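I need the structure of the sequence given here:
(chains A and B, ligands or ions: 1)
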Amino acid sequence: MELDSLYQEVILDHYKHPAHKGLNPIFSAQVHHVNTSCGDEITLNIELVGQRINSITWDGQGCSISQASVSMMSDLLIGKRLEEADVIVKSFSELMASKGTSAGDPEILEDAVAFAGVSKFPGRVKCALLGWMAFKDAAIQAQTNE
Amino acid sequence: MSFSVPEIRKDFPIFSRSVSDGKKLVYLDSGATSQKPASVIEAESDFYRFHNAAAHRGAHQLAQEATDLYENARAEVASFIGAPGGPDEVIFTKNATESLNLLAYAMGNAQPGNRFALSAGDRIVVTEMEHHANLVPWQELTRRTGAQLAWFGLTDEGRLDLSDINSVITTNTKVVALTHQSNVLGTINPLAAIVARAHEVGAVVILDACQSVPHMPVAAADLDVDFLVFSGHKALGPTGVGVLWGRKELLEELPPFLFGGSMIKTVTMTSATWADVPAKFEAGVPNMAQAVGLAAALKYLTNLGMDSVHSHEVALTGYLLNKLNAIETIKIVGPTTAQSRGGSISFIVEDIHPHDLGQFLDSQGVAVRTGHHCAWPLARRLGIPASTRASIYIYNDENDCDVLVDSIVQGQKYFGRF
Ligand SMILES: Cc1ncc(COP(=O)(O)O)c(C=O)c1O
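All right, here's what the predicted structure looks like:
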């Protein structure tokens, strides 16, 4: 079923057991993003040590796609340098814009290639991107806060 | 004409297609927009094919035909909603949102001495179950005028808390704007006590009838409200046409909102005077084809009989509520019986986010809406960030409800497999 390409096992697994959920009181920047059309919300804290992402924590509510996406993103980005994170975010954004034509680069995105199927469902792309856009915003704010 | 869903469905071309790889279309999203019968689609396209010209302008036969069709459409609307003052009380807009904004902006244009003029110390009353369209324009009007916004809260069952009407509708209240039927909860609001109190303090009552006019007999005069708005596209009509009805003497006192051609009486280089209602509120070449399409829609509903439409919906709502109530893991948001309630049925399924459920239902051919349904404060009040809404109309039957409920159960299996 077409739906199975959207709801990959690893996605539902992250949805049921989200990683890095619960806000760390220590952060360099905090952002709050909402998905106006469906009401999904996320608060995301980022903690930088120099140019390195020391922690990402978040809290929020939303569908399996938005929640699993931010969970997997946190796993992927924690410990990376900001310039490395930029490459990953860009790669994920391109995958989401691919309308089902790309399988994603596992070298860069690791487990997050599971979201490739989402790009076939235009209505869900913004769910998958919610956390990533929040991260991008938080990273910019954290750098200007420095 | 007797009420037969199979016969009705034949009138709607869209039901001859399938969705999601060959599945029957189970359309349960009429609260967002209704499907259109062929007679409406034809009326709109016939206008363009045979009669197209600018109404109220031009010295030629087509312009006269366009004018007649447009004005006949106005008369059809007036009779459908029982406008006591006839067609002059009916103003065509783009949709209900524009009708409400028209009122809010026009009131904002009122100068001291005009009954609609607002200032600090005045109050506008809404309810906690309003669609954003009947909330945000009033928030903005209070911001511009310094008036205060107050509202009726809700009971946990999703009905208006009317325990203290007089302290909400205070003597300084100028406007009471509320929905006839909630687009989320389905609740049909009792109006008599609210209208009586509003009129006692000299306030006008504005009724958002988006979810009632398409679904039950609504007679403006009987309800004793002062203004009423609805969208054509939720009542079998085309998009791009909505209605504002108001009492003639109030429309005469209300200043215009949009300025330009058609709405003037005289113009010099420095000033203008206004045309009589309804023209005063219809600046520019109007949405003629859409108004004509709406008239065809209302004729279709009149032929069915609004009493029959309503009985069908009450019966089907009861049927679906029973089926949903029987499943322990489903919680209905709003009244759980069909009493004083319409066919907008919102619910939560345990452990499945509405957006995921909606996606699964779509894969089964079932079209529902998910989210906050443009009533975010209501969602907050109920502590439910999002819900799934099935909304029924004349072309739905028990089989549609069965497919919905079966698909929900399958969805529970699908998402419960890990
Ligand atoms: C109760 C209610 N009011 C207002 C509106 C706004 O209607 P429209 O978007 O057609 O202007 C809607 C439509 O969803 C509604 O259900």
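
Need the single longest helix in chain A, by residues.
helix A:122-145 (DSSP state H).

Now residue A:28: closest residue in space, sequence neighbours ignored.
residue A:142 (3.8 Å; CB to CB, 6 or more residues apart in numbering or on different chains). Just so you know, the C-beta spots here come from the backbone N, C-alpha and C atoms, and that holds for glycine as well.

ok, that neighbour - contacts?
For residue A:142, the contacting residues are A:28-29, A:46-48, by CB atoms under 8 Å, 6 or more residues apart in numbering or on different chains.

Show the buried residues in those residues.
A:28-29, A:46-48 (16 or more other CB atoms under 10 Å in any protein chain shown).

Of those, which are in range of the ligand?
Checking those against the ligand by CB under 6 Å from any ligand atom, not one of them is in range.

quick check, nearest of these to residue B:24?
Of all the buried ones among the contacts of residue A:142, residue B:24 sits closest to residue A:46, with 48.0 Å by CB to CB.

what residue ranges in the stretch 301-418 of chain B score low on pLDDT?
Within the stretch 301-418 of chain B, the ranges that satisfy pLDDT under 70 run B:418.

Nearest residue to the closest residue to chain A within it in space, please, no chain neighbours.
In the stretch 301-418 of chain B, the residue that lies nearest chain A is residue B:355 (3.7 Å; CB to the nearest CB). Excluding the flanking residues, the one nearest residue B:355 by CB to CB, 6+ apart is residue A:63, at 3.7 Å.

gap between the one you found and residue B:365?
For residue A:63, the distance to residue B:365 equals 20 Å [CB to CB, to the nearest Å].

same question, residue A:59
To residue B:365, residue A:59 is 36 Å away according to CB to CB.

Over to the residue of chain A found nearest the ligand. Which of the three states is it?
In chain A, no residue comes nearer to the ligand than residue A:37, which is 13.3 Å away by CB to the nearest ligand atom. Put simply, residue A:37 is coil when judged by DSSP: H, G, I helix; E, B strand; the rest coil.

And it, how far from chain B?
Separation of residue A:37 from chain B (CB to the nearest CB, to the nearest Å) stands at 6 Å.

and if you look at residue A:15?
Separation of residue A:15 from chain B (CB to the nearest CB): 8 Å.

Excluding covalently adjacent residues, which one is nearest to that residue?
Using CB to CB, 6+ apart and skipping the chain neighbours, the partner closest in space to residue A:15 is residue A:64 (3.9 Å).

and what of residue B:71?
Sequence neighbours aside, residue B:87 is the residue nearest to residue B:71 in space, at 7.0 Å (criterion: CB to CB, 6+ apart).

Pull the number of nearby residues for that neighbour.
Residue B:87 has 16 neighbours, counted by other CB atoms under 10 Å in any protein chain shown.

That one is in contact with residue B:78, isn't it?
Yes. Here residue B:87 lies in contact with residue B:78, judged by CB atoms under 8 Å, at a distance of 4.4 Å.

After the helix or strand of chain A with the lowest mean pLDDT, heading C-terminal, what element do we hit next?
The helix or strand of chain A with the poorest confidence is helix A:2-6; it has a mean of 89 (mean pLDDT, DSSP states H and E). Following helix A:2-6 in sequence order, the next helix or strand is helix A:9-16 (DSSP states H and E).

Which strands and helices lie in contact with that following helix?
In terms of contacts (3 or more CB pairs under 8 Å, 6 or more residues apart in numbering or on different chains; DSSP states H and E), helix A:9-16 is packed against helix A:64-77.

Up against chain A, what does chain B have?
B:21, B:353-356, B:359-360, B:363, B:370-372, B:376, B:379, B:385-386, B:414-415, B:418 (CB under 8 Å from any CB of the partner chain).

Just the buried ones out of the residues you listed, please.
B:353-356, B:359-360, B:363, B:370-372, B:376, B:379, B:385-386, B:414-415.

so which pair among these is furthest apart in space?
Distance extremes for those: the farthest pair is B:376 and B:414 at 28.6 Å, using CB to CB.

and residue B:308, how far is that from residue B:203?
Using CB to CB, residue B:308 is found at 35 Å from residue B:203.

go on, residue B:373?
Distance from residue B:373 to residue B:203, counting by CB to CB: 28 Å.

same check, this time on residue B:219
21 Å.

With neighbour numbers in mind, choose between the two.
Higher neighbour count among residue B:219 and residue B:203: residue B:203, with 25 against 13, using other CB under 10 Å.

can you tell me how far that one sits from the ligand?
Separation of residue B:203 from the ligand (CB to the nearest ligand atom, to the nearest Å) stands at 20 Å.

if you count what's nearby, which of residue A:63 and residue B:365 comes out ahead?
residue A:63 (27 against 18).

list the contacts for the more buried one?
Residue A:63 neighbours (CB under 8 Å, 6+ apart): A:38, A:40, A:124, A:127, B:353-356.

quick one: which two of those residues are the most distant?
It's A:124 and B:354 that sit farthest apart of the contacts of residue A:63, by CB to CB, at 13.0 Å.
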